[in-house]
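In: task: produce atomic coordinates for the following.
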Amino acid sequence: MRGDVGIVAVHVALMAAGFGVLQLTGQLHDPSPARLVFAGGLAYLAGVASVFTVMVTLLVIGMGVSLVLFAVVCLVLAAPALLAVGRRKTWAGRFRRPTVERVRATRPETWATGAILAALAWIGVIGARAVAYAPLTEYDNWLIWTRKAVLLSSHPRFPDLFLSTRVESGGHWDYPILLPLLQAMQFRGAGVVVPERAHLAAWIILFMAIWAAGYLVRRTTRPIVWAAVGGGVVLLELSQVATGLADTPMACFLGLGALAVGLWVDEGRTSDLAIGAVLLAGAAGVKTEGIMGALIVLGVAFVIALLRRRRENVVAVVAAGAAVGLLAIVPWQLWIATHGIPATTSISQAFGPGYLVDHVDRVWPSVKAIYGVLSGLNLVQLVLPAAIALIIVRWRSLRPVAAFYLAVGVLYFLALVWAYWTTPLDLNFLIGTSASRIHVGVVMLAMAAILHLGGERVPAEEPAAAVDDGPPEAEPRPIAKATA
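Out: The predicted structure is shown next:
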C-alpha cells in the first residue's frame with residue numbers, strides 16, 4: 001500500500017509540474033477548475049518531458065539523482081501554475097458554471113463521449129493493476145531500459161555507472177534515458193525496486209496521451225470524434241504497450257508534438273508551437289527515433305513557414321528547434337561523445353557516402369519489412385488509410401496542414417528505412433526483433449492527422465470573450481479561436 005501511494009505521488013508531482021509548463025507556454029492562460037481537469041493529460045506529458053529533460057542536464061553536469069532533486073524540479077516548474085491558481089479572481093464565479101473554450105457537443109454526443117471516456121478510464125485503472133505485476137517477458141525491456149532504471153534507483157550518478165558497467169551486450173548505453181529516469185523515480189517513490197512495475201510508465205503515458213489529445217483539439221474537433229479515435233487506438237495498442245518497451249511512450253510524445261505543431265501551422269498560435277516543442281523534447285529524450293521524428297516535425301514546419309514568407313513564423317520555429325536541440329538532445333549526446341560511450345550507429349556510417357553505397361542492398365529489404373508491418377496489422381489498416389483519405393479530402397481547403405502531415409509521415413517512414421540502412425547490427429535480426437513495434441510512431445502520427453483534419457472549423461467571427469457565465473438555461477455558444 002505504501003509503495004502504491006509513493007508511485008501515485010510521483011505521477012501527481014509530474015502533473016503538477018506540467019501545469020506550470022502549460023501556464024508558461026500559454027496553454028493554461030485562465031486556470032479555472034474545468035480547464036485544470038480538461039488539461040490534466042497534457043499537463044502530465046508536459047511534466048514528464050520537462051522534468052526529466054532538466055534532470056538529464058543535471059546528471060550531465062554531475063548532480064546525482066534523488067527524490068529530493070526530483071521534488072525540487074517539480075516544484076520549480078509547477079510554480080507558475082501555483083501562483084496563477086492562487087489568485088482569487090481566477091476562481092471567482094467559476095465553480096457554478098465553468099467554461100472551457102471548445103467545440104460544443106449535442107446532448108447525445110455528450111453522453112456517448114462520456115461513456116467512451118468512462119470505459120477508457122476503467123480499462124486504464126484495471127489494466128494498470130495488471131501490468132504492475134506482469135513479468136518482464138521482453139528481453140529488450142530489461143536489457144535497454146529497466147536495467148538502467150534499477151541502477152538509477154540505488155545509485156545517484158547514472159553516467160558514472162555507464163563508465164564502469166558498459167558491456168558489448170546490446171544494452172545500447174548511448175540511448176536517451178528519459179524513460180529509465182521516470183521508472184527509477186517510480187521505484188524510489190515506492191521505496192522498493194520491483195522491476196515489473198516499470199511497465200506502468202508506458203501504460204500511463206498512453207492513456208494520458210488520449211486525454212492530452214482531447215485538450216489540444218478542443219477548438220477544432222468534436223469530443224465524440226477525438227474520444228472515439230483515441231479509444232480505438234488505445235484498444236488496438238494494448239498488447240504493444242503492455243510490453244513496457246519505449247516505442248509507445250516515444251510515439252505518444254511524437255504524435256502529440258506533431259499535432260500541436262500542426263495546429264500552429266494551421267492557426268498560428270504560439271502557445272501550440274511552444275507546447276509542441278516540449279512534447280517533441282520528450283520524444284527525443286525517450287528514444288533515438290524520437291530525435292529523428294522531432295527534427296522532421298520541426299524541419300517540415302520550418303519549410304512551410306519559409307514558403308509562406310512569414311518572418312515571425314520562421315523565427316518562432318527556429319527558436320523552438322533550438323530549444324529542443326540545446327535542451328533535450330545536445331547535453332546527453334555531448335556527454336556520451338566526450339566519455340567514450342560508443343554510439344549504436346556512428347555519424348560516419350549514418351552520413352558517409354561510401355558506407356551508404358556499400359550497404360545499399362539493405363534499403364529494399366528494409367522498405368519491404370516496414371511496409372509489410374504497416375499493411376499487415378489490423379491497427380494500421382484502419383488508421384493509416386483514414387489519415388491518407390483525410391489528407392486528400394482536405395488538400396484544397398487546408399493545404400498547408402495536409403501537406404505538413406503528409407510530409408512528416410513520409411519522412412518519418414524514410415527515416416526508419418535509413419535507420420535500418422545505416423545500423424551495423426545484423427539486418428535480419430533487427431527486422432525480426434523491431435519491425436513489429438516501430439509502427440507505433442506511424443500510428444500516432446496518423447492519429448494526429450485524423451484528429452486535426454477530421455475536425456470542424458470553429459467560426460472565426462465569434463470571439464472567445466463572447467462566452468460568459470450566464471444563467472443555466474442559456475443556450476451555449478461555440479467558442480472561436482482563443483488567443484492563448
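In: quick check: mean pLDDT of the host helix or strand of residue 211?
Out: Taking DSSP states H and E as the definition, one finds residue 211 inside helix 199-216. The average pLDDT for helix 199-216 rounds to 93.
In: could you tell me how far that helix lies from the centre of the chain?
Out: 8 Å (C-alpha atoms, centre = their mean, to the nearest Å).
In: with stretch 421-440 instead?
Out: For stretch 421-440, the separation from the chain centroid amounts to 22 Å (computed by C-alpha atoms, centre = their mean).
In: name the residues that touch it?
Out: 140, 237, 240, 243, 245, 247-248, 250-251, 289, 344-345, 349-350, 355-356, 359-360, 362-363, 365-366, 369-370, 372-374, 377, 379-380, 416, 420 (C-beta atoms under 8 Å, 6 or more residues apart in numbering). Every residue, glycine included, has its C-beta placed from N, CA and C.
In: which of the residues you listed fall in helices?
Out: 140, 237, 240, 247-248, 250-251, 289, 349-350, 355-356, 363, 365-366, 369-370, 372-374, 379-380, 416, 420 (DSSP state H).
In: and the helix holding residue 211, C-alpha only, in PDB?
Out: C-alpha atoms of helix 199-216 as PDB (Å, rounded to 0.1, in the frame of the first residue of the first chain):
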ATOM      1  CA  HIS A 199       5.600  -1.400 -17.200                       C
ATOM      2  CA  LEU A 200       3.400   1.300 -15.500                       C
ATOM      3  CA  ALA A 201       5.300   4.200 -17.200                       C
ATOM      4  CA  ALA A 202       4.400   3.200 -20.700                       C
ATOM      5  CA  TRP A 203       0.800   2.300 -19.700                       C
ATOM      6  CA  ILE A 204       0.100   5.700 -18.000                       C
ATOM      7  CA  ILE A 205       1.700   7.700 -20.900                       C
ATOM      8  CA  LEU A 206      -0.600   6.000 -23.400                       C
ATOM      9  CA  PHE A 207      -3.800   6.900 -21.600                       C
ATOM     10  CA  MET A 208      -2.600  10.400 -20.700                       C
ATOM     11  CA  ALA A 209      -1.800  10.900 -24.400                       C
ATOM     12  CA  ILE A 210      -5.500  10.400 -25.400                       C
ATOM     13  CA  TRP A 211      -6.500  12.800 -22.600                       C
ATOM     14  CA  ALA A 212      -4.000  15.300 -23.900                       C
ATOM     15  CA  ALA A 213      -5.100  14.900 -27.500                       C
ATOM     16  CA  GLY A 214      -8.600  15.900 -26.400                       C
ATOM     17  CA  TYR A 215      -7.400  19.100 -24.900                       C
ATOM     18  CA  LEU A 216      -5.200  20.000 -27.900                       C
END
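In: show me what that helix is packed up against.
Out: When contacts are defined as 3 or more C-beta pairs under 8 Å, 6 or more residues apart in numbering; DSSP states H and E, helix 199-216 packs onto helix 40-60, helix 107-131, helix 178-190, helix 223-241, helix 247-267, helix 439-453.
In: got the angle between it and helix 178-190?
Out: Using axes from the mean of the first three to the mean of the last three C-alpha atoms, to 10 degrees, the inter-axis angle of helix 199-216 relative to helix 178-190 is 110 degrees.
In: next, the buried residues of helix 199-216.
Out: 199-216 (16 or more other C-beta atoms under 10 Å).
In: over to stretch 382-399?
Out: In stretch 382-399, counting by 16+ other C-beta under 10 Å, buried: 383, 384, 386, 387, 390, 391, 394, 398.
In: which residues touch that stretch?
Out: By C-beta under 8 Å, 6+ apart, the surrounding residues in contact with stretch 382-399 are 232-233, 236, 266, 374, 401-403, 405-406, 409, 442-443, 445-447, 449-450, 453-454.
In: check stretch 52-65 too.
Out: 69-70, 73, 77, 152, 155-159, 176-178, 181-182, 184, 281-282, 285, 327-328, 331-332, 334-335.
In: hmm, try it at 7 Å
Out: 69-70, 73, 152, 156-159, 177-178, 181-182, 184, 281, 285, 327-328, 331-332, 335 (C-beta atoms under 7 Å, 6 or more residues apart in numbering).
In: now, which of those residues lie within strands?
Out: Using DSSP state E, no member of those falls within strands.
In: out of those residues, which sit inside helices?
Out: Per DSSP H, the subset of the contacts of stretch 52-65 in helices is 69-70, 73, 152, 158-159, 178, 181-182, 184, 281, 285, 331-332, 335.
In: look up phi and psi at residue 394.
Out: Main-chain torsions, residue 394, degrees, to the nearest 10: phi -90, psi 0.
In: actually residue 424, not the one I wrote
Out: According to degrees, to the nearest 10, residue 424 has phi -80, psi -10.
In: shaky segments in the stretch 201-350 of the chain?
Out: Applying pLDDT under 70 to the stretch 201-350 of the chain flags the ranges 348.
In: which PyMOL command selects the buried ones in the contacts of stretch 382-399?
Out: PyMOL command restricting those to the buried ones, with burial defined by 16+ other C-beta under 10 Å:
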select buried, resi 232+233+236+266+374+401+402+403+405+406+409+442+443+445+446+447+449+450+453+454
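In: tell me which of the helices and strands packed on helix 199-216 sits nearest to residue 340.
Out: Residue 340 lies closest, by C-beta to C-beta, to one member of the helices and strands packed on helix 199-216: helix 40-60, at 14.9 Å.
In: re the thing from before, make a markdown table out of the helices and strands packed on helix 199-216 and add distance to residue 84.
Out: Compiled in a markdown table, the helices and strands packed on helix 199-216 are given as follows (distance: least, C-beta to C-beta, whole Å):
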| stretch | distance to residue 84 |
| --- | --- |
| helix 40-60 | 13 |
| helix 107-131 | 26 |
| helix 178-190 | 26 |
| helix 223-241 | 26 |
| helix 247-267 | 21 |
| helix 439-453 | 28 |
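In: between these, which one is closest to residue 301.
Out: helix 247-267 (5.2 Å).
In: give me the angle between the closest one and helix 439-453.
Out: Using the same axes, to 10 degrees: helix 247-267 against helix 439-453 is 30 degrees.
In: so what secondary structure elements neighbour helix 247-267?
Out: helix 40-60, helix 199-216, helix 223-241, helix 270-286, helix 288-308, helix 399-422, helix 439-453 (3 or more C-beta pairs under 7 Å, 6 or more residues apart in numbering; DSSP states H and E).
In: quick one: it to chain centroid distance?
Out: Per C-alpha atoms, centre = their mean, the centroid offset for helix 247-267 relative to its chain is 7 Å.
In: one more: stretch 234-243?
Out: Using C-alpha atoms, centre = their mean, the offset of stretch 234-243 from its chain centre is 16 Å.
In: who's in contact with residue 126?
Out: Residue 126 makes no contacts at all, as judged by C-beta under 7 Å, 6+ apart.
In: next one, pLDDT for it please.
Out: 88.
In: kindly report the same for the one 3 residues further on.
Out: In the prediction, the pLDDT value recorded for residue 129 is 80.
In: same deal with residue 184?
Out: 91.
In: cool, and the one 3 residues further on?
Out: Reading off the confidence values, residue 187 has pLDDT 91.
In: isn't it right up against residue 154?
Out: No - Residue 187 is beyond contact range of residue 154, at 8.5 Å (criterion: C-beta atoms under 7 Å).
In: nice, that's everything, thank you.
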